[in-house]
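S.K.: Below is the sequence, then the predicted model.
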Amino acid sequence: MFDLIFDHYTIKVRNLDASATFYKKVLGLKEITNRTQKSYIRWFSMGDGSELHIVEGDSDRIKTNVGVHLALRLKNFDEFLSHLSRHNINQHNSKGIRDSITTRADGIRQVYFQDPDGYWIEVNEAGTLSNE
């Protein structure tokens, strides 16, 4: 019926600089031009034309849990787990249990962690197994 394509995801954060640093250093996202030109917003490329927008403001009323998360995939999962450890990022499984990861029934491994504001992020190795 419609040909919808994912465009962007926006989150509200307490400290714009701290969050921007997290998304650059931990996730390796490239900061791009903020076409709104508003100083309290920063934009990051998530590939294929999609973006992450982080907006500084009151985030106290935002509540989330591991079931509500941003999911990303990559090929070098083990290297990424080491990267998280080097940045002292606590790793969780899909139930939010610390110091563990999830292996789905199809063999795909997933790790969950939180950004500075408590937003959950999943990184998985989908697309790297031979049956994908």
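M.R.: Right, received. Where do you want to start?
S.K.: the strands in this protein, which residues?
M.R.: Listed in chain order, the strands of the chain (DSSP state E) span 8-13, 30-32, 41-45, 51-56, 69-73, 102-103, 109-114, 120-124.
S.K.: what packs against the fourth one?
M.R.: Yep, that's strand 51-56 we're talking about. Counting contacts by 3 or more CB pairs under 8 Å, 6 or more residues apart in numbering; DSSP states H and E, strand 51-56 packs against strand 8-13, helix 16-25, strand 41-45. Backbone N, C-alpha and C define where each C-beta goes, glycine included.
S.K.: For residue 6, which non-adjacent residue is closest in space?
M.R.: Distances taken as CB to CB, 6 or more residues apart in numbering put residue 50 closest to residue 6, at 5.1 Å, once the chain neighbours are dropped.
S.K.: got TSV for the strands of the chain, with mean pLDDT too?
M.R.: Formatted as TSV, those follow (pLDDT from 0 to 100):
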stretch	mean pLDDT
strand 8-13	96
strand 30-32	98
strand 41-45	98
strand 51-56	98
strand 69-73	95
strand 102-103	96
strand 109-114	97
strand 120-124	97
